[in-house]
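Undergrad: Whatever this is, show me its structure:
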Amino acid sequence: MPDQPVSPAGPRRSRFLIPTLAVLVWLGVGLWQRTQVGTAVPDALLAELPLTVAVFAATFVWQRRRRR
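TA: Numbering: from 1, shown residues only. Below is the predicted model of the structure:
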């Protein structure tokens with residue numbers, strides 16, 4: 001069984017890179033949209049957090065399944 005090539009950043013670090021980027025984009029867009037309609041930043045952040053966690057989890061699982 002041939003070994004899988006390891007990315008230069010290491011397997012653990014690269015495993016979290018794409019989910020983290022997805023979360024940052026999701027959270028940034030969500031905060032931007034909510035603050036544009038007048039929602040305070042702390043309230044917008046609290047409103048975005050549950051879905052942001054779900055996006056991280058879904059992206060993390062997708063990333064793990066893709067590498068198998």
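Undergrad: Quick check, pLDDT for the most centrally placed residue in the chain.
TA: Centroid-nearest residue in the chain: residue 23, 2.8 Å away (criterion: CA atoms, centre = their mean). Looking at residue 23, its pLDDT stands at 94.
Undergrad: Next: the one 5 residues further on.
TA: We have a pLDDT of 95 for residue 28.
Undergrad: what do you get for residue 10?
TA: Note for residue 10: predicted pLDDT of 57.
Undergrad: for the protein, what spans make up the helices?
TA: All helices of the chain, identified by DSSP state H, fall at 11-36, 41-66.
Undergrad: Now the weakest link among those helices, please, by mean pLDDT.
TA: helix 11-36 (a mean of 89).
Undergrad: Count the residues that sit near the residue lying closest to residue 48 once chain neighbours are set aside.
TA: Spatial nearest neighbour of residue 48, chain neighbours left out: residue 30 (4.1 Å); criterion: CB to CB, 6 or more residues apart in numbering. The way it works is simple: take the backbone N, C-alpha and C, and place the C-beta from them, glycine included. Neighbours of residue 30 under the rule other CB atoms under 10 Å: 18.
Undergrad: quick one: contacts for residue 30?
TA: 44, 47-48, 51-52 (CB atoms under 8 Å, 6 or more residues apart in numbering).
Undergrad: ok, now residue 23?
TA: Contact analysis of residue 23 by CB under 8 Å, 6+ apart lists 52, 55-56, 59.
Undergrad: Among these, pick out the one closest to residue 15, please.
TA: Minimum distance to residue 15 across those is 10.8 Å, recorded for residue 59 (CB to CB).
Undergrad: May I ask you to confirm that the closest one is in contact with residue 17?
TA: No: applying CB atoms under 8 Å as the test, residue 59 and residue 17 come out as separate, 10.4 Å apart.
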